[in-house]
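In: My questions concern the predicted model and sequence given below.
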Amino acid sequence: MASKRFHDEPAYVLHRYDWSESSLILEVFTRHHGRMAIVAKGVKKPTSNFRPILLPLQPLRLSFGGDAEIRNLKAAEWVGGHVMPTGDALLSGYYLNELLMRLLARDDPHTALFDAYGVAVQVLASEHGEALQPALRAFELLLLREIGLLPLLDVQTMTFEPLQPEGRYSLVAEGGLRQSQADDRASLSGAQWLSLQQSLQPGAPFTATLRACAEVLNGLKPQLRAVLHYHCGMATLHTRQLMMDLQAL
């Protein structure tokens, strides 16, 4: 029986592990097959054609095969389109990769999320610093929605009561969207949640969610952080801790 082969699959490298003195195991996010593990044999050799290509945050097309959990890389091509992010944008890209590594099961495709990730990485590489935080919050929302961890943002989760535009509501990991105190800083108004829900409608572009997030950054960030940390099972993600350590220098 012939082993499965995948040709010219759009992909991004999320993480790399040493497998031997000359080879790597790659965790990749593919458009049609989700997160996968691929072994790249001999890629660490100076003569390898794959060595300058298999980098994170770069759009690739990969060909690979095999029936085991870890497939074998056959070919890799850099698609181009943007340069590698640098500085805070680079760390932010690694943060997105860590979220995908922790929250996506292997071999579970999410084509809409893959496309959103591609746009988010382009924003990070664009050197428009004012768009960095909105892009991160937009991707966090889309990730939670795609894996079924984001409740509807136009009703209270436990009661299904519609949100009142002037009311205040908080998103919590264990209870969804619920009414909060007027002075709760980690909350948004009903009108703001409704705007976010509208930006997440099927077919809406990533930029629509980005713009909606840009209007509510201060209140949205701590709520999404708490929800993500809860589902990741840790108080602080490694990339976020690295950001905080660098800022403290």
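Out: Thanks, I have it.
In: Who are the packing partners of the helix or strand where Gln223 lies?
Out: Using DSSP states H and E, Gln223 maps to helix 217-232. With contacts taken as 3 or more Cβ pairs under 8 Å, 6 or more residues apart in numbering; DSSP states H and E, helix 217-232 sits against helix 87-103, helix 132-146, strand 168-172, strand 188-189. Backbone N, C-alpha and C define where each C-beta goes, glycine included.
In: do that again at 6 Å, thanks
Out: helix 132-146 (3 or more Cβ pairs under 6 Å, 6 or more residues apart in numbering; DSSP states H and E).
In: ok, residues contacting the helix it packs on?
Out: 92, 96, 110, 113, 116, 120, 123, 150, 209-210, 213-214, 217, 220, 224 (Cβ atoms under 6 Å, 6 or more residues apart in numbering).
In: how many degrees apart are that helix and helix 217-232 in direction?
Out: Relative orientation of helix 132-146 versus helix 217-232 (axes from the mean of the first three to the mean of the last three Cα atoms, to 10 degrees): 40 degrees.
In: Listing request: residues of the chain with sub-threshold pLDDT.
Out: For the chain, the stretches flagged by pLDDT under 70 are 1-3, 182-183, 234-249.
In: where along it do the strands fall?
Out: Using DSSP state E, the strands found in the chain span residues 5-18, 24-30, 34-40, 60-65, 70-78, 168-172, 176-179, 188-189.
In: returning to that earlier point: which two among the contacts of helix 132-146 are spaced furthest apart?
Out: Spatially, the most separated pair among these is His110 and Leu217, at 25.0 Å (Cβ to Cβ).
In: More neighbours: the two, which one.
Out: His110 (20 against 12; other Cβ atoms under 10 Å).
In: what's around the closest residue to the more buried one other than its chain neighbours, how many residues?
Out: Of all residues beyond its chain neighbours, the one nearest His110 is Glu146 (5.0 Å), with distances taken as Cβ to Cβ, 6 or more residues apart in numbering. Around Glu146 there are 18 other residues, counting by other Cβ under 10 Å.
In: Return the distance of the residue nearest the centre of the chain relative to Pro151.
Out: In the chain, the C-alpha nearest the mean C-alpha coordinate belongs to Leu96, at 4.1 Å (Cα atoms, centre = their mean). For Leu96, the distance to Pro151 equals 22 Å [Cβ to Cβ, to the nearest Å].
In: Show me how the record splits this protein into domains.
Out: Per automatic domain parsing, the structural domains of the chain span 5-78, 87-248.
In: how far away is Ala208 from Ser199?
Out: Distance from Ala208 to Ser199, by Cβ to Cβ: 4 Å.
In: These two: which is more packed in?
Out: Using other Cβ under 10 Å as the criterion, Ala208 and Ser199 rank with Ser199 on top: 21 against 16.
In: ok, for that one, nearest residue in space, not its chain neighbours?
Out: Ala212 (3.9 Å).
In: Next: Arg51.
Out: Arg51 sits nearest to Val43 (Cβ to Cβ, 6+ apart), 5.7 Å away.
In: Tell me if I'm right that that neighbour and Leu26 touch.
Out: No. Counting by Cβ atoms under 6 Å, Val43 does not reach Leu26; the two are 8.6 Å apart.
In: Please identify which of those two sits among more neighbours.
Out: Leu26 (27 against 20).
In: so the more buried one sits right up against Val13, yeah?
Out: Yes. Counting by Cβ under 6 Å, Leu26 touches Val13, with 5.5 Å between them.
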